Each structure stands twice: as structure tokens, then as C-alpha cells.
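J.: Give the three-dimensional model of this entry:
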Amino acid sequence: MSVMPTLKLDWCSHAAAQYAVAHWHYSKSMPTPPVVKIGAWEDDHFIGCVIFSRGANNNLCKCYRVAMTEIAELTRVALRSHETPTSRIVRIAVRLCCRANPGLRLLVSYADPNHGHHGGIYQALGWVYDGDTGTDFAAIDRAGRRWHSRQVSRTGVKRQYGSLRRVPKHAECTLVPLLGKHRYLYPLDAAMRAQILPRARPYQKRASSILADASTVQVEESGAAPTEALIQ
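T.: Below you'll find the model as predicted:
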């Protein structure tokens, strides 16, 4: 009978988290700071990280009538091949994040069907399914670079982080339609749970991507662990 490896979760450095996201998450990019970075190890070997942040939607707190400091988004689960169930790793990471941020009342996360995800991890953990975000699009510029819909505009100028910036124009890009992301909620106190439960919808089953080249798993490759200097 095989023996499960010893699992450890602890805070990790930005460099270690960046390595994990670049190698084992389909986005290949770190979320916008501030972020909470929790590393995972099996038998002292680094297997990746779970990252929490404020997310990309600044209006999210208004949707659920909470302050910005009371809500966080689970934005990355970046893991290489591992033996521990992912749901267990996420459960412990949530516990650590909440312990370090006692004012949190609600966690949000998204499962992207365009990359083959339907939210099975969150369903296993009993998160509340709150529907999807609605259809969207990605923009591919003439150099082949992919942009989120928030990063392009009709005029070529858009306000980002409080200032006007030049961005690719719609007319200069190929627009690719995207399915809406599945949104899951995890209330952290009784009052928030009472507020969230009426929003619950039936869990979604795995859906096929509309993108021919989409990844079907979140962990896209295995690889060597980062050097010890990257882990703290």
C-alpha cells in the first residue's frame, strides 16, 4: 500500500509563487498585487502555490455589500504533479489566509470553462455556485499577443489604474468570443452565509472549451522544484 507524502503549507516568496504560476498555471501571469502567497510542499519538495488577491473586479465588494478589506479572490491554484488531493491543499490554504486576515468575510473564485474548468475543486469543498460572469472576448493583436477585453478599447485609449493609457484598438485585433466564467463563493461567517445562500445555483458539470487550443487541466506540466533560495 502506497504511503501518502507529508504535506506542508506555509508562506512562500514572490519568486517561488511566480515560478509556480509561470510553469504550472495556464495564465502564466501573477495576479495584480496585493497578494497572499501560500506555498505547498510534499516531503519537503515544492509543488506549487495557492494565491489570494483582491482580484480584477473593483466592484465585486459592492455586489456582496462588503468592504474591500472583507473580500478576497482565490486567483491562482498553481500546482505541479502531486499526490495530495487538490481540495485538501486549497482547504488548508483558505484556513491560513483567513487566520492571517481575520477581517475577511467572503472568498470568491472563478472557474474558466474556456480552459476546461467547471469548478470541481470548489464543489468538493462546498462553495456556493453563483452563476457565471456572462460572455466575454479576448483580443489577439497583429503580433499574436493575447489581451483581455479590459485591456483593449475602440479608441485605443483606456483608463487603467487611475490614468489614461494607450491600448490596442478593437479594429487592430482579432476578437475571440469566450464563455463566461463560473463564480463560486465561500462565506466566512454566519451572517454572510445567510446572505449568500439564497444566491446558490445547481453545480455545473464540466463543459467543453470553445477554444481549440485551450488547456484541459490547470496544471499544465511538471518540472523541477525551484531552488531553495526561492523558497522562504
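J.: Give me the helices and strands touching the lengthiest helix in the chain, please.
T.: Ranked by residue count, the top helix of the chain under DSSP state H comes out as helix 86-100. Applying 3 or more C-beta pairs under 8 Å, 6 or more residues apart in numbering; DSSP states H and E, one finds that helix 86-100 makes contact with strand 7-11, strand 35-42, strand 45-53, strand 71-79, helix 120-124. Where C-beta positions appear, they are placed from N, C-alpha and C, glycine not excepted.
J.: so that helix versus strand 7-11, what angle?
T.: Relative orientation of helix 86-100 versus strand 7-11 (axes from the mean of the first three to the mean of the last three C-alpha atoms, to 10 degrees): 40 degrees.
J.: Between strand 35-42 and helix 86-100, find me the angle.
T.: Using the same axes, to 10 degrees, helix 86-100 lies at 130 degrees relative to strand 35-42.
J.: helix or strand right after helix 86-100?
T.: strand 106-111 (DSSP states H and E).
J.: Contacts for that next one next, please.
T.: By C-beta atoms under 8 Å, 6 or more residues apart in numbering, the surrounding residues in contact with strand 106-111 are 52, 55, 60, 64, 66, 70-75, 94, 97, 117-120, 122, 127, 133, 181-188, 192, 196, 204.
J.: Mind doing that once more with 6 Å?
T.: Strand 106-111 has contacts (C-beta atoms under 6 Å, 6 or more residues apart in numbering) with 64, 66, 71-74, 117-119, 181-187, 192.
J.: how about the CA coordinates for it, as PDB?
T.: Taking C-alpha atoms only, strand 106-111 is exported to PDB below (Å, rounded to 0.1, in the frame of the first residue of the first chain):
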ATOM      1  CA  LEU A 106     -16.100  36.300   1.900                       C
ATOM      2  CA  LEU A 107     -13.900  34.500  -0.600                       C
ATOM      3  CA  VAL A 108     -14.600  34.400  -4.400                       C
ATOM      4  CA  SER A 109     -13.100  32.300  -7.100                       C
ATOM      5  CA  TYR A 110     -13.700  31.700 -10.800                       C
ATOM      6  CA  ALA A 111     -13.500  28.500 -12.900                       C
END
